[in-house]
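Visitor: need a structure here:
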Amino acid sequence: MAIDNSLLFTRNFGISAHIDSGKTTLSERILYYTGKIHKIEEVKGKSGVGATMDSMDLEREKGITIQSAATYCDWGDYHMNLIDTPGHVDFTVEVERALRVLDGAILVLCAVAGVQSQSITVDRQMKRYGVPRLAFINKMDRAGANPFRVVDMLREKLNHNAHLVTYPIGAEDNFKGVVDLLTMQAIYFDGDNGENIRREDCPEDIKDKAVDYRNKLIEALADFDDALAEKYLDGKEITPAELVPIIRKATMSLNFTPVFCGTAFKNKGVQHLLDGICSYLPNPTEKVNKALDQNNNEQEVILSSETGKPFVGLAFKLEDGRYGQLTYMRIYQGKVTKGDFIFNINQGKKKVKIPRIVRMHSNEMHDIDSASAGEIVALFGVECASGETFTDGNVSYSMTSMHIPNTVISLSIKPKNRDGLANFSKALGKFTREDPTFRVSRDEESGETLIAGMGELHLEIYVERMKREFGVEVEVGNPQVAYRETISNVTPYEYTHKKQTGGAGQFAKVSGRFEPLPSDAVNPYEFVSEVVGGSIPREFIPAVDKGFQEQLSKGLLIGAPVVGVRGVVSDGSYHAVDSSELAFRLAAMAAVREHYQACKPVILEPIMKVEVSAPEEFQGSVIGQLNQRRAVIMESGTNEGYFTAICNVPFAEMFGYSTDLRSATQGKGEFSMEFEKYETAPRSVQEELIKKYQKKRADESAARK
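Guide: Okay, here's the model as predicted:
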């Protein structure tokens, strides 16, 4: 079977970075230079139109990307599928699912700030999915731009083997263009929008430095190719044609990062980056994609880009639009045509007909008749959840889904008018299907609807979308931090459940121990059966597991989920007539309740990694504010009149911080934060939380009477 030649000229890549590094501006320039759009719009432009890839009204108003947006374009002979992702940590799942399906990525870095907290997060996500990347140092026109410092940060903070492939000509107001270190030619970007590329000899005043950086690049690449190493040591001339395939091989090995520089806003360096995408990032046939064969004990199979293979696709993102659900799909194998029937493997081979296939250009849809391996398309009329696998029915392959982070904040929410109840439910249903980090639950005691998410902005956006898209005004309660409970002591337990009524009774006896799991355990709960000799029949053991899980879903200290527990059942007894699954489940639940205090439970609070940046003159007051919020400063430093502090702060202490920071720095300070870990809360905080929970329970109990 052959491979479709067009795949060799296809590039599926994403643009990821810390918030405000210029991802969307870079996407806009890429679309302009590839002829996809004919007028450049700025993210916060005076026209009020907003960038092409920010199609939501909310994105244009706030000047941030909220949802990842897909588009496609052509650069020379190459066809590109591009996804622009959000930089704000509250929308990190958008980055997660984009990187899950892409073959390559561009890590955008600010020439002044360099590697920031969210840069570290997106780099970790790229590593998680084995995505080769190029780095683009943006904003070379800004005061304080220093690309050499950014390269050092890439090496020190992210452990990248990073090397410049372009050398800047000037910086800040004097940034004129770049020197291509492969050809040693200077590249200038003339015209109103930098569309006219002019190539000249490298300027004499920077030639020695550019040659020095070229030699450093070749030395690094020599580790990937013996013939190049030999030639370099012999002092022979090395041509650009020899370097390109070695940079490509090194980049795709994930052990090398080519670094470009430029300024998307001032239209310099983007076309050369596009050449780099074509030269160094993999095509769909070069990325190894695996699935699990459900008919063969989930054995790993490698998916092939060859024509004629059975169809396999992954639904990685959903949107409810004007015409129903839009399902974004990456096709990994085979071909799919309008009118075909496909099967949802995660829903027991549920059969679905495809009425329409489109290519997305931001929020525009361009109809196509069919799509093949390596393409990213959107389907209408295909109801499913995010992360589900589809095939043509000839194979039962399932692809691993994406990593979904834990939520850290929740709010109680209800519609202001009873008339809005139907639309309120509709909105919650839509948002939970679209976004796996948006969770909806019901507090059984208070009867409140709770929404949980990644941060204040995340939930604020959904509340605003309810109003705009569904016409529902809502009342929002105070933010609640997502605390957890855990145990700190190995505790043996024994419990007998007996209930005798008329007829058959209930009997179950369980014994074993509860153990705290190590802090680095992958799962929050483990169940172990050490039962031998049939003291508990095999069919009742899953009921013990179920009982433990049910009781641990709500701890007895503050009603938070209990994590970090291993429930071990080692012995017990049963009655031939009175024992049942229900009896063993109830016995397990009671065993947890009765022995919970003996396990020495503690409350865990979410700790956020916070990065604060402000002018040096405000350093004292900013650090003072952080100390008041129980911050632990991890590192700090100054650069170009600004200081940066990276610290761990309990999430409960971060409410209202943006207002305090602005007032302490005359509006010049900024911060970003992301979830870092759970940690035992101080004793005084735990006592306060327990007191509040007990009062709430007492009030609810009194209200019921």
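
Visitor: neighbours around the nearest residue to Leu517 once chain neighbours are set aside, how many?
Guide: Nearest non-adjacent residue to Leu517, counting by CB to CB, 6 or more residues apart in numbering: Gly564, 4.5 Å away. Quick note: C-beta positions are derived from backbone N, CA and C, even for glycine. Gly564 has 22 neighbouring residues, counting by other CB atoms under 10 Å.

Visitor: from Gly420, how far out is Gly564?
Guide: As judged by CB to CB, to the nearest Å, Gly564 and Gly420 stand 40 Å apart.

Visitor: so the residue nearest to Gln185 when sequence neighbours are not counted: helix, strand or coil?
Guide: Take Gln185 and drop its neighbours on the chain: the residue closest to it by CB to CB, 6+ apart is Arg199, 4.9 Å away. Secondary structure for Arg199, judged by DSSP: H, G, I helix; E, B strand; the rest coil, is strand.

Visitor: got the contact list for Arg199?
Guide: 185-188 (CB atoms under 8 Å, 6 or more residues apart in numbering).

Visitor: of all those residues, which two lie farthest apart?
Guide: Gln185 and Tyr188 (10.2 Å; CB to CB).

Visitor: list residues touching both of the two?
Guide: 199-200.

Visitor: off-centre distance for the helix or strand encompassing Gly14?
Guide: If you go by DSSP states H and E, Gly14 is part of strand 10-17. Its chain's average C-alpha position is 14 Å from that of strand 10-17, according to CA atoms, centre = their mean, to the nearest Å.

Visitor: contact partners of that strand?
Guide: 23, 26-27, 68, 78-85, 87, 95, 98-99, 101-109, 118-119, 122, 125-126, 131, 277-278, 281, 283-284, 330, 374-376.

Visitor: buried ones among those?
Guide: The neighbour-count test (16 or more other CB atoms under 10 Å) marks 23, 26-27, 68, 78-85, 87, 95, 98-99, 101-109, 118-119, 122, 125-126, 131, 277, 281, 283-284, 330, 374-376 as buried among the contacts of strand 10-17.

Visitor: just for the stretch 501-650 of the chain, where's the confidence low?
Guide: By pLDDT under 70, the low-scoring segments of the stretch 501-650 of the chain are 501-504.

Visitor: all helices for it, in order.
Guide: For the stretch 501-650 of the chain, helices defined by DSSP state H, counting those that start in this stretch occupy the ranges 541-552, 581-595, 619-628.

Visitor: closest one to Gly194 among the ones you listed?
Guide: Judging the helices of the stretch 501-650 of the chain by CB to CB, what sits closest to Gly194 is helix 619-628, at 37.7 Å.

Visitor: I figured Gln549 hits Tyr525, correct?
Guide: Yes. Judged on CB atoms under 8 Å, Gln549 makes contact with Tyr525 at a distance of 6.5 Å.

Visitor: among the helices of the stretch 501-650 of the chain, which comes closest to Lys509?
Guide: helix 581-595 (6.8 Å).

Visitor: that older thread, the strand holding Gly14 pairs with which strands?
Guide: According to DSSP bridges, strand 10-17 forms sheet pairs with strand 78-84 (parallel), strand 104-110 (parallel).

Visitor: so where do the helices sit in the stretch 251-400 of the chain?
Guide: Using DSSP H, counting those that start in this stretch, helices in the stretch 251-400 of the chain cover 270-280.

Visitor: and the strands in it?
Guide: Secondary structure of the stretch 251-400 of the chain by DSSP state E, counting those that start in this stretch: the strands cover 257-261, 290-293, 299-302, 312-321, 324-333, 335-337, 341-344, 350-353, 356-361, 364-368, 370-372, 376-380, 388-391, 397-398.

Visitor: and the strands paired with strand 10-17, which one's lowest on average pLDDT?
Guide: Note on the strands paired with strand 10-17: lowest mean pLDDT is at strand 78-84, with a mean of 86.

Visitor: angle of that strand against strand 324-333?
Guide: Relative orientation of strand 78-84 versus strand 324-333 (axes from the mean of the first three to the mean of the last three CA atoms, to 10 degrees): 130 degrees.

Visitor: okay, the angle between strand 78-84 and strand 376-380?
Guide: Following the same axes, to 10 degrees, one obtains 70 degrees for the angle between strand 78-84 and strand 376-380.

Visitor: got a list of what the residue most central in space within the chain touches?
Guide: Centroid-nearest residue in the chain, with CA atoms, centre = their mean: Glu96, separated by 3.0 Å. Glu96 makes contact with 125, 402-405, according to CB under 8 Å, 6+ apart.

Visitor: which ones among those are found in strands?
Guide: Of these, none are assigned to strands by DSSP state E.

Visitor: those residues: which two are farthest apart?
Guide: Spatial extent of these (CB to CB) is set by the pair Gln125 and Ile404 at 12.1 Å.

Visitor: which parts of the stretch 1-150 of the chain are helices?
Guide: 23-33, 57-62, 92-101, 117-128, 147-158.

Visitor: which of these has the lowest mean pLDDT?
Guide: Least confidently modelled of these is helix 57-62, at a mean of 59 by mean pLDDT.

Visitor: kindly list the longest strand within this structure.
Guide: With secondary structure taken from DSSP E, the chain has its longest strand at strand 601-615.

Visitor: next, the angle helix 619-628 makes with it.
Guide: 170 degrees.

Visitor: separation between Asp545 and Leu582?
Guide: Going from Asp545 to Leu582 by CB to CB gives 14 Å.

Visitor: who has more neighbours out of these two?
Guide: Asp545 (19 against 15).

Visitor: the closest residue to that one other than its chain neighbours - how many residues pack around it?
Guide: Nearest non-adjacent residue to Asp545, counting by CB to CB, 6+ apart: Phe527, 4.3 Å away. Phe527 has 18 neighbours, counted by other CB under 10 Å.

Visitor: thanks a lot, see you next time.
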